[in-house]
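Student: coordinates only, sequence not included:
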């Protein structure tokens, strides 16, 4: 099992900020998810200036879902400067809807103290209850 520091280092390693051309950039945010199956899934953001695209967490979740897993144990997400990031509202909702178990998903918010916050703390009142 990877430590949070190892997950963080993998997320930082996968950062690849790039402006691909007018209206398209990617790799400014990187996420690593640990699935309940013990596997790790990586993803980066994809931004299209028309408002389409998606966050690094959803990119990693797409790889995880393609592998047959929907339950996420832990998430580490970093911005291009290597600072930890918390999930946006869309990612909070997306992850919560993949499985009721994901309300227990832990997000790293402090690397040195390995402080984590559960998705249920970020999203205390789901709209579908």
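Tutor: All right, it came through fine. All figures in this text were calculated on a predicted structure; none of them were measured in a lab.
Student: contacts only, for the residue lying farthest from the centre of the chain.
Tutor: In the chain, counting by C-alpha atoms, centre = their mean, residue 22 sits farthest out from the average C-alpha position, at 25.7 Å. Contact partners of residue 22, counting by C-beta atoms under 8 Å, 6 or more residues apart in numbering, are residue 49. Yep, even glycine has a C-beta here, placed from its N, CA and C like the rest.
Student: pLDDT score for the residue nearest to residue 61 when sequence neighbours are not counted?
Tutor: When the adjacent residues along the chain are set aside, residue 61 lies closest to residue 33, with 6.4 Å between them (C-beta to C-beta, 6 or more residues apart in numbering). Among the per-residue scores, residue 33 shows a pLDDT of 98.
Student: ok, the one 10 residues further on next?
Tutor: Residue 43 carries a pLDDT value of 98.
Student: ok, it - contacts?
Tutor: 30, 31, 33, 56, 57, 58, 59, 60, 61, 62, 63.
Student: now the helix or strand containing the fifth one, how far from the chain's geometric center?
Tutor: The one in question is residue 57. Residue 57 is part of helix 56-66, with elements assigned from DSSP states H and E. Centroid separation between helix 56-66 and its chain, computed with C-alpha atoms, centre = their mean, to the nearest Å, is 8 Å.
Student: for it, name the packing helices and strands.
Tutor: Counting contacts by 3 or more C-beta pairs under 8 Å, 6 or more residues apart in numbering; DSSP states H and E, the secondary-structure elements packed against helix 56-66 are strand 24-35, strand 40-48, strand 72-79, helix 89-98.
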